[in-house]
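> Okay, sequence plus prediction incoming.
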Amino acid sequence: MINRFSPTVRNWTEIAGYMIFFFPCAWVFLTRSYDFAIRSLAQRETTNGAVQLPGYPLKMAMVPAAALLLLQGSTEALAYPPLQAL
């Protein structure tokens, strides 16, 4: 259906999709994962079982993953032709 529109309309639709859906969701992922990791670190969470491994390093890895996701989305959104002229 999107193929019926001109390339300019398609590009602006993609940019609007990033602004409306991607960036807010990625921002929530970043902020919530940061809170989640800090709480886990403060409690020194461990796994349940015979060997109690620390769980907070894995939860802390979500924060840079969310930051990299935001960075990737920014570079992809800026790669669209309407924004390259800015």
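Arrived safely. Numbering: from 1, shown residues only.
> separation between the most centrally placed residue in the chain and I15?
Centroid-nearest residue in the chain, with CA atoms, centre = their mean: A26, separated by 3.3 Å. Plainly put, A26 is 15 Å away from I15 if you go by CB to CB, to the nearest Å. C-betas here are computed from N, CA, C, even on glycine.
> cool, and P82?
Here the criterion is CB to CB. By it, P82 lies 7 Å from I15.
> For those two, indicate the residue with more neighbours.
For the pair P82 and I15, the greater number of neighbours falls to I15 (16 against 12), based on other CB atoms under 10 Å.
> give the contact list for Y80.
With contacts defined as CB atoms under 8 Å, 6 or more residues apart in numbering, the neighbours of Y80 are 11, 14-15.
> pLDDT value on L86, please?
L86 carries a pLDDT score of 56 in this model.
> Check A67 too.
You'll see A67 listed with a pLDDT of 96.
> element containing the closest residue to it other than its chain neighbours?
Distances taken as CB to CB, 6 or more residues apart in numbering place L30 nearest to A67, at 6.2 Å, with adjacent residues excluded. Counting by DSSP states H and E, the element that carries L30 is helix 23-43.
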